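Student: okay, predicted coordinates and the sequence, questions at the end:
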Amino acid sequence: MAWIRTIDPSEARGALADSYAAAVARAGRVYQIVRLMSLSPRVLDASMGLYLAIMHGPGALSRRERELLAVVTSRANACHY
């Protein structure tokens, strides 16, 4: 199994602390998938921006349909996220 160094929320400072606070506001906690990008807050923010644009932006699919596609894709990839 791979090991990736991450920064715990209690140790986050500056931009990363702001990103973690946004994650808590969005989801109630800082999930591991967010922590995986903790060494590069700029990448984390870009990734979250893309996610939010895809899941919440205008489009032909409803939010429910988008979430369903995300679940099916994760299941097909054996990914619990």
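Tutor: Thanks, I have the structure now. Residues are numbered from 1 along each chain as shown.
Student: what residues are up against the residue positioned nearest the centre of the chain?
Tutor: Geometric centre of the chain, nearest residue: V34, 4.7 Å, by CA atoms, centre = their mean. Listed by CB atoms under 8 Å, 6 or more residues apart in numbering, the contact set of V34 reads S19, Y20, A23, L44, M48. For the C-beta atoms, the positions are set from N, CA and C on the backbone; glycine is no exception.
Student: the same query, at a cut-off of 10 Å, please.
Tutor: T6, P9, S19, Y20, A22, A23, V24, R26, A27, L44, S47, M48 (CB atoms under 10 Å, 6 or more residues apart in numbering).
Student: now do T73
Tutor: Listed by CB under 10 Å, 6+ apart, the contact set of T73 reads C79.
Student: CA atoms only: put the helix or strand harbouring it into PDB for me.
Tutor: Using DSSP states H and E, T73 falls within helix 63-76. Below are the C-alpha coordinates for helix 63-76, written out as PDB (Å, rounded to 0.1, in the frame of the first residue of the first chain):
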ATOM      1  CA  ARG A  63     -27.400  17.300  -9.100                       C
ATOM      2  CA  ARG A  64     -28.900  14.000  -8.300                       C
ATOM      3  CA  GLU A  65     -27.900  12.500 -11.600                       C
ATOM      4  CA  ARG A  66     -24.300  13.900 -11.200                       C
ATOM      5  CA  GLU A  67     -24.100  12.300  -7.700                       C
ATOM      6  CA  LEU A  68     -25.400   9.000  -9.100                       C
ATOM      7  CA  LEU A  69     -22.700   9.100 -11.900                       C
ATOM      8  CA  ALA A  70     -20.000   9.800  -9.300                       C
ATOM      9  CA  VAL A  71     -21.200   6.800  -7.200                       C
ATOM     10  CA  VAL A  72     -21.400   4.400 -10.100                       C
ATOM     11  CA  THR A  73     -17.900   5.500 -11.300                       C
ATOM     12  CA  SER A  74     -16.400   5.100  -7.900                       C
ATOM     13  CA  ARG A  75     -18.000   1.700  -7.500                       C
ATOM     14  CA  ALA A  76     -16.700   0.600 -11.000                       C
END
